[in-house]
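1. missing the sequence, but the structure's below:
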């Protein structure tokens, strides 16, 4: 683990470190895309519970429940798309060798934070000031 002084003196992560981050991001992106495909498939199913032949009263309740579930799935899918876009942006920053530099302070973001939240553009210091 690097100490803060070493991080402050460096202006960017090494090519080897950037390659490590790239691998982490690509793995997360693969998982995120699989989850998005599963969500999209769920949204494509018209009535997975097969309640077409039940009474009207149950059908009305089921329609409301299905609508709520679809809205929830749409929100999850939207978040997943945004996450994938953020991961893609992080890959661009890696290619530009600007990955890991806080957009607020200009300092290197701690490696531990990048491992946990690889798409972040802000250090904890900047994030805490924001709140």
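-> Looks like it came in fine. The shown structure was predicted, so the numbers you read here are calculated from the model rather than taken from an experiment.
2. CA only for contacts and neighbour counts going forward, please
-> Noted.
3. pLDDT of whichever strand or helix holds residue 85, averaged?
-> Taking DSSP states H and E as the criterion, residue 85 maps to helix 56-96. For helix 56-96, the mean per-residue pLDDT is 85.
4. from the contact counts, what lies against the helix or strand just after that helix?
-> Where DSSP H and E defines the elements, the next helix or strand beyond helix 56-96 is helix 111-116. Helix 111-116 is packed against helix 15-44, with contacts defined by 3 or more CA pairs under 8 Å, 6 or more residues apart in numbering; DSSP states H and E.
5. only the buried residues of the helix it packs on, if you could.
-> 18, 21, 22, 25, 28, 29, 32, 36, 39, 42, 43 (16 or more other CA atoms under 10 Å).
6. dump these into TSV; add pLDDT and distance to residue 82 as well.
-> Listed next are the buried residues of helix 15-44 as TSV, based on pLDDT from 0 to 100; distance: CA to CA, whole Å:
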residue	pLDDT	distance to residue 82
18	97	22
21	97	19
22	98	18
25	98	14
28	97	13
29	98	11
32	97	10
36	95	11
39	91	14
42	86	19
43	83	18
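7. now these as JSON lines including distance to residue 12?
-> Formatted as JSON lines, the buried residues of helix 15-44 follow (distance: CA to CA, whole Å):
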{"residue": "18", "distance to residue 12": "9"}
{"residue": "21", "distance to residue 12": "13"}
{"residue": "22", "distance to residue 12": "15"}
{"residue": "25", "distance to residue 12": "18"}
{"residue": "28", "distance to residue 12": "22"}
{"residue": "29", "distance to residue 12": "23"}
{"residue": "32", "distance to residue 12": "27"}
{"residue": "36", "distance to residue 12": "32"}
{"residue": "39", "distance to residue 12": "37"}
{"residue": "42", "distance to residue 12": "42"}
{"residue": "43", "distance to residue 12": "42"}
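8. which helices and strands sit right next to the helix holding residue 85?
-> helix 15-44.
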